[in-house]
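K.L.:
using only what follows, build the 3D model:
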Amino acid sequence: MKLFYRKYGEAGPPMVIVHGLYGSGDNWISIARELSSRFEVYVVDQRNHGQSPHSDIHDYPTMRDDLREFMDDRGIEKAVLIGHSMGGKAIISYALSWPEQVQSLISVDIAPKSYHELGIDSHTAALHGKMIDSMLELDLSVAASREDIDLALRPKIGSDRIRSFLLKNVRRDKDGIFRWRINLEALRDNLDHIMDGLDTEKIIAEGGITGFPALFVSGANSDYIRVEDYGLIRSIFPVADIVTIPNAGHWVHAEQPALLVKNIKYFLDI
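P.N.:
Okay, here's the model as predicted:
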């Protein structure tokens, strides 16, 4: 699949930023610009998101292969990979298949594990199915404004911040009718795949993923990376660094962008 992308910077090694569920490359533009003085930064839209094509298939093998096609098309032989949430798992899957093409890996608020259990135990993760269903139930054709859509979502999605994030996926078509830019049906049908983890036992038995430095960034107010996950992370990435960003939940890049950039720069020694 040919992914839509934006590029920032003209000098330095390539860097590819991969967003998470419900996101798009737009969410990372300010951070990409911050890093573009030292890197050629590519910010992609994943399949079924943003301006990239839609597909009924949405799992980590296909997201990994999309990223490989993107890098091959650009002639990128090796890159710094940054991924948030679902995008973090996509780049971890990529690193497992082609570690020689990874200069450094930065996973933002996601671990390599399965999140099916977290989807039951965690209010944050359990919201995913509820949010998709709430968006699918709306008849956007009768909405006159984004405010109308926001009001319609409010009874089921109480967080102003989350609704604001989701509404970034609303666009008017050529007839002036609001449409969802993300492929909600495919995301709903593949939510189990999105919550999947890697085959961690097999990876650990084979000695983990090595050959490049790795950084795992967690939000202090998020439960996507817990203290008990540190051992698993370091079993798979033996030389991984793990840092926690204060006053940030799952969307670290939106809640604490300056601190995230500071930690990325420190990790990359720039």
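
K.L.:
the nearest residue in space to residue 115 that is not next to it in sequence: neighbour count?
P.N.:
When the adjacent residues along the chain are set aside, residue 115 lies closest to residue 195, with 4.5 Å between them (C-beta to C-beta, 6 or more residues apart in numbering). For the C-beta atoms, the positions are set from N, CA and C on the backbone; glycine is no exception. The local packing count at residue 195 equals 19, with neighbours defined by other C-beta atoms under 10 Å.

K.L.:
mind telling me what element residue 215 is part of?
P.N.:
The secondary structure element spanning residue 215 is strand 214-219 (assigned by DSSP states H and E).

K.L.:
immediately after that strand, which helix or strand?
P.N.:
helix 230-236.

K.L.:
next, the buried residues of that next one.
P.N.:
Neighbour counts over helix 230-236 (16 or more other C-beta atoms under 10 Å) mark 232, 233, 234, 235, 236 as buried.

K.L.:
where along the protein do the strands fall?
P.N.:
Taking DSSP state E as the criterion, the chain contains strands spanning 5-8, 14-18, 40-44, 79-84, 102-108, 170-172, 178-180, 214-219, 241-245.

K.L.:
now these in a markdown table, with mean pLDDT, distance to residue 152 and mean neighbour count?
P.N.:
Written out in a markdown table, the entries for those read as follows (pLDDT from 0 to 100; distance: least, C-beta to C-beta, whole Å; neighbours: other C-beta atoms under 10 Å):
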| stretch | mean pLDDT | distance to residue 152 | mean neighbour count |
| --- | --- | --- | --- |
| strand 5-8 | 98 | 31 | 17 |
| strand 14-18 | 98 | 30 | 26 |
| strand 40-44 | 98 | 30 | 24 |
| strand 79-84 | 98 | 27 | 27 |
| strand 102-108 | 98 | 30 | 24 |
| strand 170-172 | 93 | 11 | 14 |
| strand 178-180 | 95 | 11 | 16 |
| strand 214-219 | 98 | 28 | 24 |
| strand 241-245 | 98 | 32 | 18 |
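
K.L.:
among those, which is nearest residue 131?
P.N.:
When the strands of the chain are ranked by proximity to residue 131, the top entry is strand 178-180, at 11.8 Å, counting by C-beta to C-beta.

K.L.:
list of residues touching that closest one?
P.N.:
Contacts of strand 178-180 with the rest of the structure, by C-beta atoms under 8 Å, 6 or more residues apart in numbering, involve 135, 140, 141, 143, 146, 149, 169, 170, 171, 172, 173.
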